[in-house]
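Enquirer: Sequence and predicted structure are below.
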Amino acid sequence: MQKINKISLVIPTFQQEKTILSNLEQLRTATKELPYQFEFIVVVDGFLDKTYQLLKNKKLKNVKVLGYEENRGKGYAVRYGMLQATGDLIGFIDSGMDIDPTSIAMLINHFLWYDADVIIGSKLHPVSQVRYPVFRKILSIGYRNIIRLMFGLKIRDTQVGVKLFRREVALDVFPRLLVKRFAFDIETLAVAYSRGFKRIYEAPVRLNFQNASTITSGNLWKVIFQMLWDTFAVFYRLKVVHYYDKRPKTVFSRS
């Protein structure tokens, strides 16, 4: 059984000056009764509004604020934050709180129960409570089948924006990743699995997708194409040229 004292949670954000403080308060409320020390790492993905300066001025306890000028995508932001994490258990959760932060406790419990390498939130877990647009459900079904055939992962849902990693797994996997935007989740899980971290399990979440979707009728097919392109690129790097077997060039900080 793994011993956990400290948990690091990376929160990638993009233009959320109006909501980030309430998001962090929700996370604090959801985790304050848990018997662990928490480190919240907010990564501001592009200085396009006042989110970064707002957080820097607040100087919130146990909150590390990182950022950079150019918007580079969620995958880049998560990896950037992971490289600064100091916890025994390291994870990320999407900002906006469409995912109820009380789900974190469920993921931790499942992590300990399974003695896992990775625990992922899943819309398809039998006890998950999910409100999700129909068109996204349809897209998810097709994508899940593609993922199962290409990578052999036995999990049913790779795309929910809350995941926890044993520190050893994060140390090994995240420095190797390349995807900045689309297919980031599947790259993370496929690389972990290929590196021998096969104890990957799903946990229930409460998900209420209420924010306006960035996928519109005008760019839907573009998004689908880019998602598939990035997914096949991951497959090529993993199965054909074995890129991810190379030694990572970056290391994690414990400071």
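Expert: All right, it came through fine. Residues are numbered from 1 along each chain as shown.
Enquirer: shaky segments in the protein?
Expert: 1, 133-139, 210-218, 220, 249-255 (pLDDT under 70).
Enquirer: Just the strands from it, written as ranges.
Expert: 6-13, 37-45, 63-68, 89-93, 118-122, 129-131, 162-166, 200-204, 206-208 (DSSP state E).
Enquirer: Now that we have these, can you turn them into JSON lines and tack on distance to Arg176 and mean neighbour count?
Expert: For the C-beta atoms, the positions are set from N, CA and C on the backbone; glycine is no exception. Converted to JSON lines, the strands of the chain look like this (distance: least, CB to CB, whole Å; neighbours: other CB atoms under 10 Å):
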{"stretch": "strand 6-13", "distance to Arg176": "17", "mean neighbour count": "23"}
{"stretch": "strand 37-45", "distance to Arg176": "19", "mean neighbour count": "23"}
{"stretch": "strand 63-68", "distance to Arg176": "20", "mean neighbour count": "18"}
{"stretch": "strand 89-93", "distance to Arg176": "15", "mean neighbour count": "26"}
{"stretch": "strand 118-122", "distance to Arg176": "15", "mean neighbour count": "26"}
{"stretch": "strand 129-131", "distance to Arg176": "31", "mean neighbour count": "13"}
{"stretch": "strand 162-166", "distance to Arg176": "13", "mean neighbour count": "25"}
{"stretch": "strand 200-204", "distance to Arg176": "16", "mean neighbour count": "22"}
{"stretch": "strand 206-208", "distance to Arg176": "29", "mean neighbour count": "17"}
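Enquirer: Now render these as TSV, adding distance to Val240.
Expert: As requested, the strands of the chain are exported to TSV (distance: least, CB to CB, whole Å):
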stretch	distance to Val240
strand 6-13	30
strand 37-45	30
strand 63-68	32
strand 89-93	28
strand 118-122	24
strand 129-131	36
strand 162-166	26
strand 200-204	23
strand 206-208	35
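Enquirer: Of all these, which one comes closest to Gly75?
Expert: Closest to Gly75 of the strands of the chain is strand 6-13 (CB to CB; 8.7 Å).
Enquirer: what pairs with the closest one, and is each one parallel or antiparallel?
Expert: strand 37-45 (parallel), strand 89-93 (parallel) (DSSP bridges).
Enquirer: Could you say which one of the strands of the chain comes nearest to Lys180?
Expert: Judging the strands of the chain by CB to CB, what sits closest to Lys180 is strand 37-45, at 9.8 Å.
Enquirer: Compare the strands paired with strand 6-13 and give me the one nearest Tyr80.
Expert: Nearest to Tyr80 among the strands paired with strand 6-13 is strand 37-45 (5.4 Å), distances taken as CB to CB.
Enquirer: Could you check the angle that closest one makes with strand 63-68?
Expert: Strand 37-45 runs at 20 degrees relative to strand 63-68, counting by axes from the mean of the first three to the mean of the last three CA atoms, to 10 degrees.
Enquirer: and strand 37-45, how far from the chain's centre?
Expert: 12 Å (CA atoms, centre = their mean, to the nearest Å).
Enquirer: Kindly report the same for stretch 75-88.
Expert: The answer for stretch 75-88 is 10 Å, by CA atoms, centre = their mean.
Enquirer: same thing with stretch 145-163?
Expert: Taking mean C-alpha positions (CA atoms, centre = their mean), stretch 145-163 and its chain are 13 Å apart.
Enquirer: what does it contact?
Expert: 74, 91-94, 98-99, 103-104, 107, 118-125, 140, 143-144, 185-186, 188-190, 193, 200-202, 205, 207, 228, 231-232, 235, 238 (CB atoms under 8 Å, 6 or more residues apart in numbering).
Enquirer: From start to finish, how long is it in a straight line?
Expert: End-to-end distance for stretch 145-163, by CA to CA, to the nearest Å: 21 Å.
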